[in-house]
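[1] Fold the following for me, if possible:
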Amino acid sequence: MAYVYIVQSEVNSRYYIGSTNDLKRRLAEHNNGKTKSLKFIRPVKLVLHQEYSSLIEARKIELKLKKFKNKNILERMIREGIILLGP
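    From the prediction side, this is the model:
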């Protein structure tokens, strides 16, 4: 199994989108400062995640999400609790 996830910084409320095959480990890495882009805006909290059958599929969804320039789209997905994209 693989996951696409969205975390939010508790410092500046910005979102970070990622994908992984081990969600618990990845969140620990983010909060332990092992991700350069999040190192100075920790802690982060998981606000949405969705499971996919493969990491390849999850990475495709992650890239689509990262292309959104409108924060409102992400916030809508978070409110609804689902990522509204297909592969």
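[2] quick one, strands of the protein?
    Using DSSP state E, the strands of the chain run over 2-9, 15-20, 44-52.
[3] Could you dump those strands into JSON lines and include distance to K64?
    C-betas here are computed from N, CA, C, even on glycine. As requested, the strands of the chain are exported to JSON lines (distance: least, Cβ to Cβ, whole Å):
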{"stretch": "strand 2-9", "distance to K64": "9"}
{"stretch": "strand 15-20", "distance to K64": "10"}
{"stretch": "strand 44-52", "distance to K64": "12"}
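[4] Could you identify which of those strands is most buried?
    strand 2-9 (a mean of 21; mean count of other Cβ atoms under 10 Å).
[5] what residue ranges in the protein score low on pLDDT?
    86-87 (pLDDT under 70).
[6] Tell me where it has helices.
    Taking DSSP state H, the helices of the chain run over residues 23-31, 55-66, 71-80.
[7] rewinding a little: K67: which of the strands of the chain is closest?
    Closest to K67 of the strands of the chain is strand 15-20 (Cβ to Cβ; 10.1 Å).
[8] got the angle between the closest one and helix 71-80?
    Angle of strand 15-20 versus helix 71-80, following axes from the mean of the first three to the mean of the last three Cα atoms, to 10 degrees, is 60 degrees.
[9] Need the phi and psi values for P43.
    phi -80, psi 160 (degrees, to the nearest 10).
[10] One more: E10?
    Torsion angles at E10 (phi, psi; degrees, to the nearest 10) stand at phi -80, psi -10.
[11] Quick check, it in contact with K45.
    Yes - between E10 and K45 there is a contact under Cβ atoms under 8 Å: 6.1 Å.
[12] among the strands of the chain, which is nearest T35?
    Closest of the strands of the chain to T35 is strand 15-20, at 8.0 Å (criterion: Cβ to Cβ).
[13] That's all I had, so thanks and see you.
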